[in-house]
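J.: With the input below, show me the fold.
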Amino acid sequence: MNIVQRSTIKGEGSPYSPVLYTPLPCGGVRGRVFLLTMIHEFQLRISPREAYDERGILSYLQREKGIRADAVQVLKRSIDARQRTIFVNLTVRAFVGEKPQDKLFDPIYYPDVSEAEAVIVVGAGPGGLFAALRLIELGLRPIVVERGKDVRERKKDIARIRSEQCVDAESNYSFGEGGAGAYSDGKLYTRSKKRGDCDKILRVFVQHGANPNILVDAHPHIGTDCLPRVIENMRKTILSRGGEVHFQTKMTSLIVENDQVRGIRCGEREFLASSVILATGHSARDVYRYLHSEHIEMEAKGLAIGVRLEHPSHLIDQIQYHSKEGRGKWLPAAEYSMVRQAEGRGVYSFCMCPGGVVVPAASGPEQIVVNGMSPSNRGGRWSNSGMVVEIRPEDIMPASLLTTSEAKRTDIIALETSDLNLSPSDMQDDILRPLLLQEQLERMCWLQGNRRQTAPSQRMADFVNNRLSADLNESTYAPGLIASPLHFWMPKFITTRLQEGFKAFGRAYHGFLTNEANMIAIETRTSAPVRILRQRETLQHVRIRGLFPCGEGAGYAGGIVSAGVDGERCAEMAAEKTGSE
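T.: So this is what the prediction gives:
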């Protein structure tokens, strides 16, 4: 008699779902003998060598758990490098007598929406793209307008910044399909877990061609070399289901009647809809100025400014993995995350790129801005991270309003207005001060870089000791570096706090404070300088009905995943509004 029974398999202190035992006849002398197919799940804490591939995990399970599995599926993976002995924490599913299913999740169904009501999405960064896909899910037709070029054409303009030091104001590291994240790392880790389904964002990426490892790793990362193809596939989904995507189409104004949005203008062209999702990204300063001139409610927002710090990746591996051998054969390039309070403000690492490169991220003329990115294998010889200081709106004061002694204080940043072509109202208006500070420092950096994209730089220990660097280390920054006294010309508000933070990091991580590291100026685009005000419940602007400020540019996200989550939420609220009408 064939018997099918249900049981519950338990690993190390962790209950698992009921597993179906399937008897298989295989002959025998008396009666029938049955083989059981089983699925076990375990929480494992094993060495990097054992965790490196499936063979090592299977060997560990057989030796330590007595499970002779045919296959294993890794569900979650993280590295614990807090102690001298490094462990890899795994959640695995072991299969006995069967193979894992190929389908990791049920793919999202996108219906045809070619005849559906339209919603305008301004911006094709992560906020805009995920808003558009979610609108299609909900049966609405997205019309996406993007000021920059498609992700492939955009790559050519980015290459010109490196080779010719020529910045196209509409096609660069900030503007174009995919937004700022497309060519600046593809990092998918977020601490923002409460506002939406972060796992769904990762599944959408995998559905459009991303490596399924992003569903497993504690700090998922697509890589700058792989993300453009995924973004291109997302656009193809939008177009194939009846949506529209318009490149080199820059929004110049909103169409608003009686505090209700009716559409947008892009030069002489108009797009009409009763809902507009505004996802323009954190560098669209013309949009902020337009909204401000139209008295559309915004507020100044805190941001962080500093430098990009570049170490040899082997040195970071040695520090983080507590070994002169560094990462060895079995570990990835090491990451770090550092934070310190200095004179009442945070000093912290930002967007750490192991095995990556430093890139020129200016979005207009007479600017130097730096950022970092890593390819998917993170195999480069250098690792870099932003090192930034928290700045609050009240820390910034126009120099014209300060006395000589006040301008020298380290608890105030003097905003020099003479070079910024500002009107008197701009100088008095505190809403735009963080934006104006970004512009001031980026132009100062450009002047210090000989009016080119060659970035001012200083060795790390020299900076801490207020010494000019006689020469600089090799760097991945393609336009080149020029030795510059950052400690002298950058605001004291920033430099004194960076110096204190670096000393603390050097004490905590032996070898981190070193002249083997270059500081490269200037990192200003950590977040939006303003917040476009919206209602908490409906996500619509506090006054303009049908306008949905969205993502990082609106001040409600900080990175690819959180921007994607916010894009989906705005799409859902736009659909709810459309349904109620």
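J.: what's the burial count for residue 562?
T.: Residue 562 has 23 neighbours, counted by other C-beta atoms under 10 Å. To be clear about C-beta, it is placed using only N, CA and C from the backbone, and glycine gets the same treatment.
J.: A strand includes residue 43, no?
T.: Yes. Counting by DSSP: H, G, I helix; E, B strand; the rest coil, residue 43 is found in a strand.
J.: show me where pLDDT drops low in this protein?
T.: Applying pLDDT under 70 to the chain flags the ranges 1-37, 184-186, 191-195, 417-428.
J.: Walk me through the domains of it.
T.: Here the domain parsing of the chain from automatic domain parsing is 5-96, 118-299+531-580, 303-523.
J.: correct me, but residue 231 touches residue 183?
T.: No. Using C-beta atoms under 8 Å, residue 231 is not in contact with residue 183; the gap is 10.2 Å.
J.: higher neighbour count, those two?
T.: Set residue 231 next to residue 183 and count neighbours by other C-beta under 10 Å: residue 231 wins out with 28 against 24.
J.: quick revisit: for residue 106, which of the domains of the chain is the nearest?
T.: Judged by C-beta to C-beta, the one of these that comes nearest to residue 106 is domain 118-299+531-580, at 9.0 Å.
J.: Which of the residues in the lengthiest helix in the chain are classified as buried?
T.: If you go by DSSP state H, the chain has its longest helix at helix 560-580. Neighbour counts over helix 560-580 (16 or more other C-beta atoms under 10 Å) mark 560-575, 577-578 as buried.
J.: Show me what it is packed against.
T.: strand 118-122, helix 126-137, helix 198-207, strand 276-278, strand 547-549 (3 or more C-beta pairs under 8 Å, 6 or more residues apart in numbering; DSSP states H and E).
J.: any idea of the angle that helix forms with helix 126-137?
T.: 40 degrees (axes from the mean of the first three to the mean of the last three C-alpha atoms, to 10 degrees).
J.: Now do helix 560-580: distance to the chain's middle.
T.: Centroid separation for helix 560-580 versus its chain: 19 Å, with C-alpha atoms, centre = their mean, to the nearest Å.
J.: Same check on stretch 398-409?
T.: On C-alpha atoms, centre = their mean, the centre of stretch 398-409 falls 36 Å from that of its chain.
J.: Hmm, residue 244 and residue 132 touching each other?
T.: No. Judged on C-beta under 8 Å, residue 132 makes no contact with residue 244 at a distance of 9.4 Å.
J.: Between these two, which is the more surrounded one?
T.: Neighbour tally, residue 132 and residue 244, criterion other C-beta under 10 Å: the higher count belongs to residue 132, 31 against 17.
J.: Contacts only, for that one.
T.: 121, 142, 144, 238, 243, 567, 571 (C-beta atoms under 8 Å, 6 or more residues apart in numbering).
J.: give me every residue that touches the first one.
T.: By that I understand residue 121. 128, 131-132, 135, 142-145, 276-277, 279.
J.: partners of it in the sheet?
T.: In this entry, residue 121 is beta-bridged to residue 144, residue 277, by DSSP bridges.
J.: contacting residues around stretch 491-507?
T.: By C-beta under 8 Å, 6+ apart, stretch 491-507 touches 305-307, 338, 340, 342-343, 345, 347-348, 387, 389, 391, 395, 408-414, 441, 460, 463-464, 486-487, 512-514.
J.: Try it again at 7 Å.
T.: Residues outside stretch 491-507 that contact it (C-beta atoms under 7 Å, 6 or more residues apart in numbering): 305-306, 338, 340, 342-343, 345, 347, 387, 389, 395, 410-413, 460, 464, 486-487, 512-513.
J.: same check, this time on stretch 107-119
T.: The contact list for stretch 107-119, computed with C-beta under 7 Å, 6+ apart, reads 133, 135-137, 139-143, 204, 207, 237, 241-243, 273, 275, 277, 574, 578.
J.: quick check, distance from that stretch to the centre of its chain.
T.: Counting by C-alpha atoms, centre = their mean, stretch 107-119 comes out at 27 Å from the chain centroid.
J.: Kindly check the end-to-end length of it for me.
T.: Terminal residues of stretch 107-119 lie 24 Å apart, using C-alpha to C-alpha, to the nearest Å.
J.: in that stretch, what counts as buried?
T.: Buried-residue list, stretch 107-119, by 16+ other C-beta under 10 Å: 110, 113, 116-119.
J.: Pick the one among those residues closest to residue 332.
T.: Residue 332 has its nearest neighbour among the buried residues of stretch 107-119 in residue 110, at 34.0 Å by C-beta to C-beta.
J.: Quick check: phi and psi on that closest one?
T.: phi -110, psi 110 (degrees, to the nearest 10).
J.: looking at the domains of the chain, which is buried most?
T.: Greatest average neighbour count among those goes to domain 118-299+531-580 (a mean of 21), per mean count of other C-beta atoms under 10 Å.
J.: can you give me the end-to-end distance of that domain?
T.: OK, domain 118-299+531-580 end separation, C-alpha to C-alpha: 15 Å.
J.: now swap in stretch 179-198 and tell me
T.: 19 Å.
J.: if we can go back for a sec, tell me the two of the contacts of residue 132 that are most distant?
T.: Top of the distance list for the contacts of residue 132 (C-beta to C-beta): 243 and 567, 13.8 Å.
J.: quick one, what contacts residue 482?
T.: 449-450, 454, 456-457.
J.: So which of the residues you listed sit within strands?
T.: Among these, the ones falling in strands (DSSP state E) are 456-457.
J.: Quick one: the contacts of residue 482 as CSV, columns for distance to residue 552 too.
T.: As requested, the contacts of residue 482 are exported to CSV (distance: C-beta to C-beta, whole Å):
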residue, distance to residue 552
449, 26
450, 32
454, 28
456, 27
457, 27
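J.: Need the max-distance pair from the contacts of residue 482.
T.: 450 and 457 (12.5 Å).
J.: got JSON lines for the domains of the chain, with distance to residue 103 too?
T.: As requested, these are exported to JSON lines (distance: least, C-beta to C-beta, whole Å):
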{"stretch": "domain 5-96", "distance to residue 103": "12"}
{"stretch": "domain 118-299+531-580", "distance to residue 103": "11"}
{"stretch": "domain 303-523", "distance to residue 103": "23"}
